[in-house]
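Chemist: Test case, fold it:
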Amino acid sequence: MSQLLPGPRTPTDVDVGVAQAAGRLAGLDFVAFDVETANRYRGSVCAIGAAVVRGGEVVSTYSWLMRPPEELNFFDGFNISLHGITPEMVSGQPGFCERLDQLLDLTSGLPIVAHNASFDMGAVREACTFEGRPWPRVDYACSLLMARRALDLISYRLPLVAKECGVELAAHHEPCADAVACAGIAIEIARRRGATTLDDLLTDLHLLKGRLDPQVWHGCRGKWGYAPPPEAALGADPEHPLYGQVIVFTGALSIRRQDAWAAVAACGASPEKGVTKRTTLLVVGDGFTGDDPADFYTGKAAQAMHWRAKGHRIEVLMEADLFDMLRETRTSGVREVAPVQPCPGTGFKPDIPGLTARHRVDHEEHVQGAPVVPSDEGGHRTGLPRGKLEEGAVQWHESRAPAGSVHELGNGDVLSARHAFGVSQP
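Modeler: Coordinates of the predicted model:
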């Protein structure tokens, strides 16, 4: 559960003297980075951006295109629509391993910082696994977790946090621009908290760095634990970002509402039907991807704003943000013997608790000849009665997916393109 920490401590005379002598945040050294992916698989890294921070200042920036690992070297239209990177742009570029080595040469032992580091570091792990190379040794931190601890915002997506911190975000999903914004956010939070090093900042925010080793990883996490929620799933990871959260969904989802409840409950959260002062997370459906959740109008969204105005912390997540969190149900793990084999265009099976599917979605034709009815309580838009979706039925979704994009899923319901493609949204 996210908790806002007390305000930054008042700098002592010693702090002021050190700052004046050094001129800047002399010990604040790290490398901010961001990855972009070619398709729904996190390991399909096609670009990396980096910003080197020394003494609390960005001193150099880098942006690299690359060919994704061979088995993941295909592009989905939705991903292209976000970052603009095409197969032709990466065809003559070095592969992932060479670009990763360039990034590691930059760090020279410095920690890495990413906004929503679980996605970016998960992408590095998965790409390395597909390439058959060991995971690198690196310590890392997450500016999204820093923002959740230090700032009181309705959402902690990169554009909103950058705006709050007075940091320019030149072009969201351009990897170098995102890396520079991530660096600026960490620098500004350190300045506000009176921290002079990254370790000092994390200590002040009660956060622990993540660690990636050749065979084992431990994610960024908080120092305190929480009592299990009343109906928390047995075995749920107390360090998972959803553990202990009270979650409400609003708007039509790309999966059944009951499956969404089951998925978050498996991570230790408590799903509820209505927004109250107990609510900590409101998940917005209907494919909403705006940067300002206030632009989404439902009764539950209005209630969330009401309780926030009364001082209750309620964070708003886009459905895609939630799916990012659900992709990893643990905050540590070991290297798998072999990666899950991809299947371009079809065959995507999300590794998310409670989600199964068996329907075909044709994002181009919008169910030609089938009636489209309003969303029911479970979040479906379909011409068939709820509970009557049979094998071979076609379900309609609003989507930015390319013409003719078809996805065969498992048995139960369908993920829309924007969620199935696994793109980091914060």
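
Chemist: use CA for all of it now, contacts and neighbours both
Modeler: Noted.

Chemist: Can you give me the domain assignment for this structure?
Modeler: Using automatic domain parsing, the domains assigned to the chain come out as 24-222, 246-332.

Chemist: Below-threshold pLDDT in the stretch 101-250 of the chain: ranges please.
Modeler: In the predicted model, the stretch 101-250 of the chain carries pLDDT under 70 at residues 223-234.

Chemist: All the strands of the stretch 151-300 of the chain, residue numbers only.
Modeler: Taking DSSP state E, counting those that start in this stretch, the strands of the stretch 151-300 of the chain run over residues 207-208, 210-212, 216-218, 221-222, 246-250, 270-271, 281-284.

Chemist: Looking at those, spot the one closest to Met146.
Modeler: Nearest to Met146 among the strands of the stretch 151-300 of the chain is strand 207-208; the distance by C-alpha to C-alpha comes to 7.8 Å.

Chemist: one step back: let's have the strands of the stretch 151-300 of the chain in CSV, adding mean neighbour count.
Modeler: As requested, these are exported to CSV (neighbours: other C-alpha atoms under 10 Å):
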stretch, mean neighbour count
strand 207-208, 19
strand 210-212, 21
strand 216-218, 18
strand 221-222, 20
strand 246-250, 24
strand 270-271, 22
strand 281-284, 24
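
Chemist: Put together a markdown table for the ones you listed, with distance to His240 on each row.
Modeler: Shown next, in a markdown table, are those (distance: least, C-alpha to C-alpha, whole Å):
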| stretch | distance to His240 |
| --- | --- |
| strand 207-208 | 13 |
| strand 210-212 | 13 |
| strand 216-218 | 11 |
| strand 221-222 | 8 |
| strand 246-250 | 13 |
| strand 270-271 | 13 |
| strand 281-284 | 14 |
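
Chemist: Let me have the domains of the chain in JSON lines, extended by distance to Ala236.
Modeler: As requested, those are exported to JSON lines (distance: least, C-alpha to C-alpha, whole Å):
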{"stretch": "domain 24-222", "distance to Ala236": "15"}
{"stretch": "domain 246-332", "distance to Ala236": "5"}
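
Chemist: Export the lengthiest helix in the chain to CSV, keeping only CA atoms.
Modeler: The helix that spans the most residues within the chain, counting by DSSP state H, is helix 175-193. Presented in CSV, the C-alpha positions along helix 175-193 are these (Å, rounded to 0.1, in the frame of the first residue of the first chain):
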residue,chain,number,x,y,z
PRO,A,175,13.6,6.6,-25.0
CYS,A,176,16.1,9.4,-24.5
ALA,A,177,13.4,11.9,-23.6
ASP,A,178,11.9,9.5,-21.1
ALA,A,179,15.3,8.8,-19.5
VAL,A,180,16.0,12.5,-19.2
ALA,A,181,12.6,13.0,-17.5
CYS,A,182,13.2,10.1,-15.2
ALA,A,183,16.6,11.6,-14.2
GLY,A,184,15.1,15.0,-13.6
ILE,A,185,12.3,13.5,-11.4
ALA,A,186,14.9,11.7,-9.2
ILE,A,187,17.0,14.8,-8.9
GLU,A,188,14.1,17.0,-8.0
ILE,A,189,12.8,14.6,-5.4
ALA,A,190,16.3,14.4,-3.9
ARG,A,191,16.4,18.2,-3.8
ARG,A,192,13.1,18.5,-2.1
ARG,A,193,14.0,15.8,0.5
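
Chemist: Could I get the buried residue list for the host helix or strand of Ser81?
Modeler: Here Ser81, judged by DSSP states H and E, is contained in helix 77-83. The neighbour-count check on helix 77-83 (16 or more other C-alpha atoms under 10 Å) flags 77-80, 82-83 as buried.

Chemist: Follow the chain on from that helix and name the next helix or strand.
Modeler: Downstream of helix 77-83, the first helix or strand assigned by DSSP H and E is helix 87-90.

Chemist: Need the residues that contact that next one.
Modeler: For helix 87-90, the surrounding residues in contact (C-alpha atoms under 8 Å, 6 or more residues apart in numbering) are 46, 65-67, 74-75.

Chemist: Compare those residues and tell me which has the most neighbours.
Modeler: Counting neighbours by other C-alpha atoms under 10 Å, the top entry in those is Cys46, with 29 neighbours.

Chemist: Show the end-to-end separation of stretch 151-170, please.
Modeler: 22 Å (C-alpha to C-alpha, to the nearest Å).

Chemist: Going by distance to Tyr156, which of the contacts of helix 87-90 wins?
Modeler: Once C-alpha to C-alpha is applied, the member of the contacts of helix 87-90 that ends up nearest Tyr156 is Cys46, at 24.8 Å.

Chemist: quick one: what helix or strand has the closest one in it?
Modeler: Using DSSP H and E, Cys46 maps to strand 45-54.

Chemist: Which strands and helices lie in contact with that strand?
Modeler: Contacts defined by 3 or more C-alpha pairs under 8 Å, 6 or more residues apart in numbering; DSSP states H and E place strand 45-54 against strand 30-37, strand 57-65, helix 96-107, helix 117-131, helix 175-193.

Chemist: got the contact list for the fourth one?
Modeler: Translated: helix 117-131. With contact meaning C-alpha under 8 Å, 6+ apart, helix 117-131 is reached by 34-35, 42-45, 68-71, 96-97, 114, 134-135, 140-144, 219-220, 324, 335-336, 338-339, 424.

Chemist: And the helices in this structure, which stretches?
Modeler: For the chain, the helices defined by DSSP H cover 13-22, 77-83, 87-90, 96-107, 117-131, 143-150, 158-164, 175-193, 198-204, 257-266, 299-309, 319-326, 417-420.

Chemist: Turn these into JSON lines, including distance to Thr280.
Modeler: Formatted as JSON lines, those follow (distance: least, C-alpha to C-alpha, whole Å):
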{"stretch": "helix 13-22", "distance to Thr280": "35"}
{"stretch": "helix 77-83", "distance to Thr280": "29"}
{"stretch": "helix 87-90", "distance to Thr280": "41"}
{"stretch": "helix 96-107", "distance to Thr280": "36"}
{"stretch": "helix 117-131", "distance to Thr280": "21"}
{"stretch": "helix 143-150", "distance to Thr280": "12"}
{"stretch": "helix 158-164", "distance to Thr280": "18"}
{"stretch": "helix 175-193", "distance to Thr280": "23"}
{"stretch": "helix 198-204", "distance to Thr280": "23"}
{"stretch": "helix 257-266", "distance to Thr280": "13"}
{"stretch": "helix 299-309", "distance to Thr280": "9"}
{"stretch": "helix 319-326", "distance to Thr280": "13"}
{"stretch": "helix 417-420", "distance to Thr280": "22"}
